[in-house]
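Enquirer: Give me coordinates for this.
(one chain, ligands or ions: 1)
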Amino acid sequence: MNDSDAENSPDPQGSGTPQFVPAAANTPVAAVNSSPDAGFASGQATSAYCPSCGKPVVDSAVICPGCGTPLASSRNKTVAVLLAVFLSFWTWLYTYQRDKQKFWMGLGLAILGVITSFFIIGDFILFGVWVWAIVSTAARPERDYLMYPKTV
Ligand SMILES: [Zn+2]
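Expert: Next up is the predicted model:
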């Protein structure tokens, strides 16, 4: 006997890829918590489903309120640190949603460093930005990378 027909329940969403509803991107954040009974399953944009427990979750959720599974598109800490080692502040493009300010500050300092590279100070600036990028990416807890905000 060979049970070749495993009974997989049909997936209504297809392949399990989260489908993003464009309208959800324009939902004002202020709407959250506007009414006391606005549970996570009603009222708010529920364009995604928890891959672990299957409950509908709000688009902005980084963690499932039902089972605690991280829902956000995660980033890899090792990749972030390696990017910092090899590309300095450019690693913050990888985690741009979190490190927007660091990236632009790093870029500005790097430009300043290149401009002033005639003097020794420019090299110090570039070196400082490089060290800053490595320390910053390495010091961030793994958990913050896993719970990286979902990009829509
Ligand atoms: Zn869940």
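Enquirer: so how far is T116 from D123?
Expert: Applying CB to CB, to the nearest Å, the value for D123 to T116 is 9 Å. The way it works is simple: take the backbone N, C-alpha and C, and place the C-beta from them, glycine included.
Enquirer: Then A80?
Expert: 28 Å.
Enquirer: quick one: which of these two has more around it?
Expert: A direct count of neighbours by other CB atoms under 10 Å for A80 and T116 places A80 higher, at 23 against 15.
Enquirer: which residues of this structure fall in strands?
Expert: In the chain, the strands defined using DSSP state E lie at 48-49, 56-57.
Enquirer: Near the ion, which residues of the protein? Just list them.
Expert: For the chain, the contact set with the ion under CB under 5 Å from the ion comprises 50, 52-53, 64, 66-67, 69.
Enquirer: Any of those buried? List them.
Expert: Burial by neighbour count, judged by 16 or more other CB atoms under 10 Å, picks out 50, 64 from the residues of the chain next to the ion.
Enquirer: Check pLDDT for the residues of the chain next to the ion and point me to the minimum.
Expert: Here the lowest pLDDT out of these sits on T69, with 78.
Enquirer: which residues does that residue contact?
Expert: For T69, the contact set (CB atoms under 8 Å, 6 or more residues apart in numbering) comprises 50-53, 63.
Enquirer: want to throw the residues you listed into TSV with distance to G108?
Expert: Listed next are the contacts of T69 as TSV, based on distance: CB to CB, whole Å:
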residue	distance to G108
C50	40
P51	39
S52	41
C53	44
I63	34
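Enquirer: picking up where we left off before, now tabulate the strands of the chain in a markdown table and tack on mean pLDDT and distance to K102.
Expert: Converted to a markdown table, those look like this (pLDDT from 0 to 100; distance: least, CB to CB, whole Å):
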| stretch | mean pLDDT | distance to K102 |
| --- | --- | --- |
| strand 48-49 | 77 | 28 |
| strand 56-57 | 84 | 29 |
